[in-house]
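> Attaching a predicted model along with its sequence, questions to come.
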Amino acid sequence: MTRTLETPVAATAARSSTRRRSRGLPRWVPPVLVFLGILAVWYFISYVVLDPSVAFLLPPPHTIFTEAFFKPATLSDILVALARSAGVALTGLGIAMIIGVIWAVGMSQARWIERSLFPYAVILQCIPILALVPLIGFWFGFDFPARVIVCVMIALFPIVSNTLFGLQSVEKGQRELFQLQKANRWTVLTKLEFPAALPAIFAGIRISAGLAVVGAIVGDFFFRRGDPGIGSLISNYQSRVQGPELFAAIITASVFGVLIFVVFGWLGNRAVGKWYDSGK
Amino acid sequence: MTLLSDSPVDTATTELLNFSDVAMTFPNGVTALSGVDLSVKRGEFVTVVGPSGCGKSTLLRIASGLTSATEGTVTVGTNRIGYVFQDATLLPWRTVQQNVELLAELNGIKKAKRQAEAARAIELVGLSGFEKQLPKTLSGGMKMRASLARSLTLDPELFLFDEPFGALDEITRERLNDELIKLFTEQQFAGLFITHSVSEAVYLSTKVVVMSGRPGNIVETFDVPFAYPRDPEIRFTPEFAALAGEVSLALREGHS
């Protein structure tokens, strides 16, 4: 092997190229490695740590497929329940979006309205929702409407606070530009504040989408009447000690939550991604 | 304080803006301006130079009606007022074309008419070909051109500039100065321009007004004798240097 003198420039170039290569590692590799690690720990606990009599606490991962997802009866139970919960979650999210945006727009119109109403948005966020759920059942029945109300209550705050933040983020100069043309409040709202708030509104909706799914499951968990959703199903599997089915239902619910998050992220990107510079 | 709009403007020496003994005290007790007398006539381009915080932006805000003076009389002889902000203040979700159309749109002008007006203004500032671009794809200088075009759609008789080129690099700034002079000679508006650059002030204007700080008032006024259109090379002539020197001196004396 011949040794050549490495100039500093060449050395830096070489270093930067290796850095580039390590940065160029496909993005899916690290999460997959983490996933494999989790699987390994999971199998270790299922087979080594847990006594066979309590193995249902953490059934080995493959049994979730062999005993739940691959069994048509169980799979259809799960999917039907998921469809019902999805209906509840999306209805709740839709209502939360409408109420949240109107609430925030109302608060953005005057300081005194904001001062009067914002504390209640915060209180809504801080109410121990689990304690309230049984009461909601008594007030509104144990059916679809009650479940939707739980969803709305959980999903509302991020939309209210993000929308308000977005509406108030308009630059002073842009406001004055409208002021100089004597634009009225409605024009300022529709042509300036609302478009400027869209990135923040979508960020809020994305958070709320995940929360709405949680809300649907929580509501379902408590309200045992009406058509069972995925929460009731989870609760049933729990009481019947059906480990694999339980995990299958939980995984399905999480995948749905992630999916809804991704869909709204994509929608937001379609709506504002072209002009919104998130790196700013 | 009286504010006259729409008064007849016919003669060549019509006063488009007049400040008479204007003072401005903020609610917190800070006096921004005191005893300011200033006039801008048709065909004039008046530049106000002064140290930062001397109230020169307040002066412009009063002229535009964004703020009211607490004392004195402000007379505005037109309602076609263009205002160019320190930042380009473009709406990031609108294309260049849509941004330039904005003011006409806010004034309820029909689509076909405002599109034609915007196209003319875009042409004037040399942004043709960039109509469909979003602001984030433009350089600082191009954003400022778009902002200028937006104000030009109002066909202003009085054009107010609040340090519009302050954030730009020297080369872009000089180019935009030349373009502004071209616009001034072609479009026949009266200008009131705020800056903290002495050479920009002397190069652009027919009259340079020097302000002192806290409370802001006018310490000296210089007439600029150079003819329009101005040759960029005049910046390097002894006459230019001498005038710029006098302005700088007045600025320093007013400041101390």
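The structure has been received and is ready for your questions. None of these values were measured; they are calculated from a predicted model. Residues are numbered from 1 along each chain as shown, chains lettered A, B, ... in the order given.
> Let me see the backbone angles for the most centrally placed residue in chain B.
Closest residue to the average C-alpha location of chain B: B:Phe161 at 2.2 Å, with C-alpha atoms, centre = their mean. Taking degrees, to the nearest 10, you get phi -120, psi 120 for the backbone angles of B:Phe161.
> Grab the nearest non-local neighbour of it.
Leaving out its chain neighbours, the residue that sits closest to B:Phe161 by C-beta to C-beta, 6 or more residues apart in numbering or on different chains is B:Phe193, at 4.3 Å. For glycine as for every other residue, the C-beta is placed from the backbone atoms N, C-alpha and C.
> residues near that neighbour, how many?
26 (other C-beta atoms under 10 Å in any protein chain shown).
> Mind giving me the packing neighbours of the host helix or strand of it?
Using DSSP states H and E, the element containing B:Phe193 is strand B:190-195. With contacts taken as 3 or more C-beta pairs under 8 Å, 6 or more residues apart in numbering or on different chains; DSSP states H and E, strand B:190-195 sits against strand B:15-25, strand B:31-41, strand B:45-49, helix B:56-64, strand B:158-162, helix B:198-204.
> Each with direction, which strands does the very next helix or strand once past the last one pair with?
Think helix B:198-204. Going down the chain from helix B:198-204, the next helix or strand is strand B:207-212, by DSSP H and E. Here strand B:207-212 is paired, per DSSP bridges, with strand B:45-49 (parallel), strand B:217-223 (antiparallel).
> Would you format those strands as CSV with mean pLDDT and mean neighbour count included?
What follows is the strands paired with strand B:207-212, written out as CSV (pLDDT from 0 to 100; neighbours: other C-beta atoms under 10 Å in any protein chain shown):
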stretch, mean pLDDT, mean neighbour count
strand B:45-49, 93, 25
strand B:217-223, 89, 16
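> Tell me which of the ones you listed sits nearest to B:Arg175.
Each of the strands paired with strand B:207-212 has some distance to B:Arg175 by C-beta to C-beta; the shortest is strand B:45-49, at 17.7 Å.
> what's next to that closest one, contact-wise?
For strand B:45-49, the external contacting residues (C-beta atoms under 8 Å, 6 or more residues apart in numbering or on different chains) are B:38, B:40, B:56, B:59-60, B:184, B:190-198, B:200-201, B:204-211, B:247, B:251.
> where along the stretch 151-280 of chain A do the helices fall?
Ranges of helices within the stretch 151-280 of chain A are A:172-180, A:185-188, A:194-222, A:230-239, A:243-272, based on DSSP state H, counting those that start in this stretch.
> So for B:Glu174, which of the ones you listed sits nearest?
Nearest of those (C-beta to C-beta): helix A:172-180, 24.1 Å.
> Can you give me the separation between A:Phe165 and chain B?
Going from A:Phe165 to chain B by C-beta to the nearest C-beta, to the nearest Å gives 17 Å.
> was I right about that residue contacting A:Ile201?
No - if you go by C-beta atoms under 8 Å, A:Phe165 and A:Ile201 don't touch, sitting 9.4 Å apart.
> So between these two, which is more surrounded?
In this view A:Phe165 and A:Ile201 are compared by other C-beta under 10 Å, and A:Ile201 has more residues nearby, 24 against 16.
> Would you mind listing the residues in contact with the nearest residue to that one once chain neighbours are set aside?
Spatial nearest neighbour of A:Ile201, chain neighbours left out: A:Thr163 (5.0 Å); criterion: C-beta to C-beta, 6+ apart. Contact analysis of A:Thr163 by C-beta under 8 Å, 6+ apart lists A:100-101, A:103-105, A:197, A:200-201, A:204.
> coming back round to it: any idea which of the helices of the stretch 151-280 of chain A scores lowest on pLDDT?
For these, mean pLDDT drops lowest on helix A:230-239, to a mean of 84.
> How about the residues of chain B by chain A?
B:64-66, B:81, B:83, B:85-87, B:89, B:91-93, B:102-103, B:105-107, B:134-136 (C-beta under 8 Å from any C-beta of the partner chain).
> out of those, which are buried?
B:64-65, B:81, B:83, B:85-87, B:89, B:91-93, B:102-103, B:105-106, B:134-135 (16 or more other C-beta atoms under 10 Å in any protein chain shown).
> got the domain boundaries for the chain?
The chain I'm using is chain A. With domains defined by automatic domain parsing, chain A comprises A:13-49, A:62-272.
> you looked at the wrong chain, it should be chain B
As given by automatic domain parsing, the domain ranges for chain B are B:1-80+B:157-256, B:90-155.
> ranking those by mean pLDDT, which is last?
Lowest mean pLDDT of the domains of chain B: domain B:1-80+B:157-256, a mean of 85.
> Count the residues that sit near the closest residue to chain B within the stretch 1-150 of chain A.
Across the stretch 1-150 of chain A, the shortest distance to chain B (C-beta to the nearest C-beta) belongs to A:Arg111, at 16.1 Å. Using other C-beta under 10 Å as the criterion, A:Arg111 is surrounded by 9 other residues.
> same thing with B:Lys143?
Neighbour number of B:Lys143 under other C-beta under 10 Å is 22.
> What separation do you get for it and chain A?
Applying C-beta to the nearest C-beta to B:Lys143 and chain A gives a distance of 12 Å.
> would you say that residue is within a strand?
No - residue state for B:Lys143 (DSSP: H, G, I helix; E, B strand; the rest coil) corresponds to helix; a strand is not indicated.
> can I assume it is in contact with B:Ala88?
Yes - using C-beta under 8 Å, B:Lys143 is in contact with B:Ala88, at 3.7 Å.
> Spit out the residues that contact these two alike.
Counting by C-beta under 8 Å, 6+ apart, the residues touching both B:Lys143 and B:Ala88 are B:Pro135.
> returning to what we had before: format the contacts of A:Thr163 as a markdown table; extra columns: distance to A:His62.
What follows is these, written out as a markdown table (distance: C-beta to C-beta, whole Å):
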| residue | distance to A:His62 |
| --- | --- |
| A:Gly100 | 42 |
| A:Val101 | 45 |
| A:Trp103 | 48 |
| A:Ala104 | 47 |
| A:Val105 | 51 |
| A:Ala197 | 47 |
| A:Ala200 | 43 |
| A:Ile201 | 42 |
| A:Gly204 | 39 |
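> how about these, which pair is most distant?
A:Trp103 and A:Ala200, at 14.4 Å, using C-beta to C-beta across the contacts of A:Thr163.
> Highest mean neighbour count out of the helices of the stretch 151-280 of chain A?
helix A:194-222 (a mean of 24; mean count of other C-beta atoms under 10 Å in any protein chain shown).
> what's the closest residue to B:Ser52 other than its chain neighbours in contact with, if anything?
Of all residues not flanking B:Ser52 in the chain, B:His196 sits nearest, at 6.4 Å (C-beta to C-beta, 6+ apart). Going by C-beta under 8 Å, 6+ apart, B:His196 touches B:49-52, B:163, B:166.
> Spell out which parts of chain A neighbour chain B.
Residues of chain A lying near chain B (C-beta under 8 Å from any C-beta): A:171, A:173-174, A:176-181, A:183, A:187, A:191-192, A:195-196, A:198, A:272, A:274-277.
> Can you get me a residue count around A:Phe144?
18.
> So it sits against A:Ser85, correct?
No - counting by C-beta under 8 Å, A:Phe144 does not reach A:Ser85; the two are 10.9 Å apart.
> before we move on, the earlier item: so which of the domains of chain B comes closest to A:Thr252?
Per C-beta to C-beta, nearest to A:Thr252 of the domains of chain B: domain B:90-155, 37.9 Å.
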